[in-house]
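K.L.:
My questions are about this predicted structure, shown below with the sequence.
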Amino acid sequence: MKIEVKRDSLAKSFNLAASVSPTHSAKGVLNNVKFSATDGGLSLVATDLESGLCIPVEDAEISAAGDELLPTTRMGLILREWSDETVKIETLPDKGGIRVCGRSSDYKLPSENPEEFPTMRRDEPKSHTVMQARALSEALRRTTFCCDPASSRFALGGVLFVLAGPESMLVATDGRRLATTTIAGVDSGKVADTGPILPQRAAVFLQRMLAEATEAKIWFEDGKCWAETDCGSFWSLLVEGRFPNWRQVIPAIDAWAVDCQMPVGPLASMIRQAAIVADAESRGVDFTFTEGSLRAGAHAAELGQSQVDMPIGYGGKKIVIKLDHRFLGEFLKSLDPGSMFRLRVDNAKSPALLETSDAYTYIIMPMALDD
């Protein structure tokens, strides 16, 4: 193999591939990124045996085709410090390793046998769903933080894909909160209430790969998820087990005690201020709704007490509810700071329901109020 490639193009693709490659694996060959140079261009492959991806690299000139393995950690450090505009990579003769060089830098690295690197072969899918990459990426961003990979009772370690025609959506929960969001522009032609579960870690990889893609073709077969985009291809094993009946978690209340529009940015700032003295174990913040005002407060014997007020469009009776500030904060981070969302609360023991105008629903179970 002998190639020359723009440093910025290589670094962008390599960093994405490196996020999948394990840092330390008992199977040493996995601690590498595979460089595959063909007449069609240069591509990078990485896997941890549970998921994997193949990413094309732009601005690459191929002088000699071939496959090579480059150590993930060392190559990442080289690219991070690289000052030249281009990078030359070539196989040294007599299995002498790989040379990575430029105008001012020259490295010779040992290399493992690329034939020992695992491959994931697949057949063409029997059926697939086409999605807008941006819409799927946004749906993943709004749900992946809600998973609980440590759960043993239910399969909560991933994001549930509910392919149900134009109402296709993603769902995630850790048992204390739940997030659901529709995938804009999707029509799978199916009707379902459950579906495959993509592991949280793999969902994060897929979201990153979708960031600059335009369209994604996705399908689920034989316990695996496959996705193809104009920015690369992706696969992952699926989470085994049963996802809980998530629809029954959504409160069915006709008249809520609190039902008002909330500003994302100001509320996020308010929560950060109140949480400065929140107990590190309970992480609870009391939210007190009174006419025209919302007060957020926390207290801990060792840390002190906080009280932050902001005006809101509420005109009902006093309602107090304690929520985990991390759960509320993560929801707000997934939204535009300048946007609004609908907040509904009934009482101190009922879930809080948060909704946006584009079909994003978030539910937080309350914490017990202090006596």
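P.N.:
Received, thanks.

K.L.:
Sheet partners, orientation included, of the helix or strand of the chain with the lowest mean pLDDT?
P.N.:
Counting by mean pLDDT, DSSP states H and E, the chain has its least confident helix or strand at strand 129-132, which shows a mean of 87. For strand 129-132, the paired strands and their directions (DSSP bridges) are strand 215-221 (antiparallel).

K.L.:
Give the bridge partners for the residue nearest to Pro118 when sequence neighbours are not counted, please.
P.N.:
Setting aside the residues directly before and after it, Pro118 is nearest to Thr47 in space (Cβ to Cβ, 6 or more residues apart in numbering), at 6.1 Å. Just so you know, the C-beta spots here come from the backbone N, C-alpha and C atoms, and that holds for glycine as well. With DSSP bridges applied, Thr47 shows beta-bridge pairing to Gly52.

K.L.:
gap between Thr47 and Glu124?
P.N.:
With the distance defined as Cβ to Cβ, to the nearest Å, Thr47 ends up 21 Å from Glu124.

K.L.:
returning to that earlier point: can you give me the angle the next helix or strand after the least confident helix or strand of the chain makes with strand 215-221?
P.N.:
Counting by DSSP states H and E, the next helix or strand C-terminal to strand 129-132 is helix 133-141. Using axes from the mean of the first three to the mean of the last three Cα atoms, to 10 degrees, the inter-axis angle of helix 133-141 relative to strand 215-221 is 50 degrees.

K.L.:
Give me the residues contacting helix 133-141.
P.N.:
For helix 133-141, the external contacting residues (Cβ atoms under 8 Å, 6 or more residues apart in numbering) are 159, 169-170, 181-186, 203-204, 206-207, 210-211, 213-216, 218, 229, 231, 334.

K.L.:
run the last query once more with 7 Å
P.N.:
Helix 133-141 is contacted by residues 159, 170, 181, 183-185, 203, 206-207, 210-211, 213-216, 229, 334 when judged by Cβ atoms under 7 Å, 6 or more residues apart in numbering.

K.L.:
for stretch 43-54, how far is the first residue from the last?
P.N.:
7 Å (Cα to Cα, to the nearest Å).

K.L.:
Off-centre distance for it?
P.N.:
Chain-centre distance of stretch 43-54: 17 Å, with Cα atoms, centre = their mean, to the nearest Å.

K.L.:
Flag every buried residue along that stretch.
P.N.:
Under the neighbour-count criterion of 16 or more other Cβ atoms under 10 Å, stretch 43-54 has 43-48, 51-54 buried.

K.L.:
Then stretch 290-307?
P.N.:
Neighbour counts over stretch 290-307 (16+ other Cβ under 10 Å) mark 290, 294-299, 306 as buried.

K.L.:
The residue nearest to Pro118 against Ser19, yeah?
P.N.:
No. Counting by Cβ atoms under 7 Å, Thr47 stays clear of Ser19, with 11.8 Å between them.
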